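[1] build me a model:
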Amino acid sequence: MKVGYMRTALWAPAVALGLCAAAALPAAAQNVGAGKLALRDQSSLGLRAAAEQGLRKMMLEMSNGRAAAARLPDGFPIAAATYGDLRSVSLGAGFEVNTVDPAALMYANAAADLSRIARGTDTWKFVILSAGKPVGLLDMDRVDGRWQAVGAGASALAADLVAAAPATGDGSFRFVRIYQATSDLIEVRGAGERSRFVPMASARRSLALSAAAKNATGAEQALDSEDLLPALQAAVRGNLQRGQR
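    You can find the predicted model right below:
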């Protein structure tokens, strides 16, 4: 089931960042499960400290007044089982959201490298874990110059990201969201340091990919820019034309 982001009120900025930054990165940020390849955390200690505080405050507010054993309702944006689980979630890997300008995408030729035209947005997401399993994503933005948690949800995307970790080879990746194509991708490095892209569920639904590409698993999920560009351009063109009607 596709779960949208749940936008909430902005949270107070993190305090005592110096003390938090001095602490070691928690194991939850590095390992999703024993023996499994984990996505690497890319956040700074200051950003992570703000995310930790924002997550705790947001989860407490969501579960306020609820019995720990009470089950979360269907469609809840965080895929934990109970309100008690919600209060004990932890942060996994943090990563920046990158995007591609639609004009740059539409004017790209067949030899263009998506990696070169993708740019950072200074918006970050963190995987939310419950008992080591991905149950959502925490959204972090700068508000008045300070990092604040501004939303949480997208449990299906969180699971998709973690499931794609083996395709990264070593846990390194870059998250690319192409808004006008309704497509999320993760960029990984293949043989010879060549960038390749693993389509997330949104891209598999939105793009006219081959059946083999849509059903691939593991490292076979990763596609070259030349394989993705025509489908991305067609999706952007179609969405822009529909928006003009």
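[2] which residues of this protein fall in strands?
    5-7, 90-100, 118-130, 133-143, 146-153, 174-178, 183-189, 195-199 (DSSP state E).
[3] quick one, what contacts the most centrally placed residue in the chain?
    Most central in the chain under CA atoms, centre = their mean is residue 125, positioned 5.5 Å from the mean C-alpha point. Residue 125 makes contact with 94, 95, 97, 137, 138, 139, 140, 175, according to CB atoms under 8 Å, 6 or more residues apart in numbering. Where C-beta positions appear, they are placed from N, C-alpha and C, glycine not excepted.
[4] got JSON lines for those, with distance to residue 48 too?
    As requested, the contacts of residue 125 are exported to JSON lines (distance: CB to CB, whole Å):
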{"residue": "94", "distance to residue 48": "6"}
{"residue": "95", "distance to residue 48": "12"}
{"residue": "97", "distance to residue 48": "16"}
{"residue": "137", "distance to residue 48": "15"}
{"residue": "138", "distance to residue 48": "11"}
{"residue": "139", "distance to residue 48": "14"}
{"residue": "140", "distance to residue 48": "9"}
{"residue": "175", "distance to residue 48": "16"}
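[5] which of these sits closest to residue 50?
    Nearest to residue 50, judged by CB to CB, of the contacts of residue 125 is residue 140 at 6.9 Å.
[6] beta partners of the closest one?
    On the basis of DSSP bridges, residue 140 is bridged to residue 124, residue 149.
[7] neighbours around it, how many?
    26 (other CB atoms under 10 Å).
[8] how much space between it and residue 162?
    For residue 140, the distance to residue 162 equals 18 Å [CB to CB, to the nearest Å].
[9] what's the answer for residue 227, then?
    From residue 227 to residue 162 the distance is 24 Å (CB to CB).
[10] looking at these two, which is more packed in?
    The neighbour comparison of residue 227 against residue 162 (other CB under 10 Å) goes to residue 162, with 20 against 15.
[11] setting aside sequence neighbours, what's the nearest residue to the more buried one?
    Distances taken as CB to CB, 6 or more residues apart in numbering place residue 134 nearest to residue 162, at 4.5 Å, with adjacent residues excluded.
[12] rewinding a little: adding pLDDT, write the contacts of residue 125 out as CSV.
    Converted to CSV, the contacts of residue 125 look like this (pLDDT from 0 to 100):
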residue, pLDDT
94, 98
95, 98
97, 98
137, 98
138, 98
139, 98
140, 98
175, 98
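[13] so, low pLDDT: which residues of the chain?
    The chain contains residues with pLDDT under 70 at 1-35, 190-192, 210-220, 243-245.
[14] helices along that one, start to end?
    Assigned by DSSP state H, the helices in the chain fall at 17-22, 45-63, 83-87, 102-107, 114-117, 155-163, 165-168, 201-206, 211-215, 225-243.
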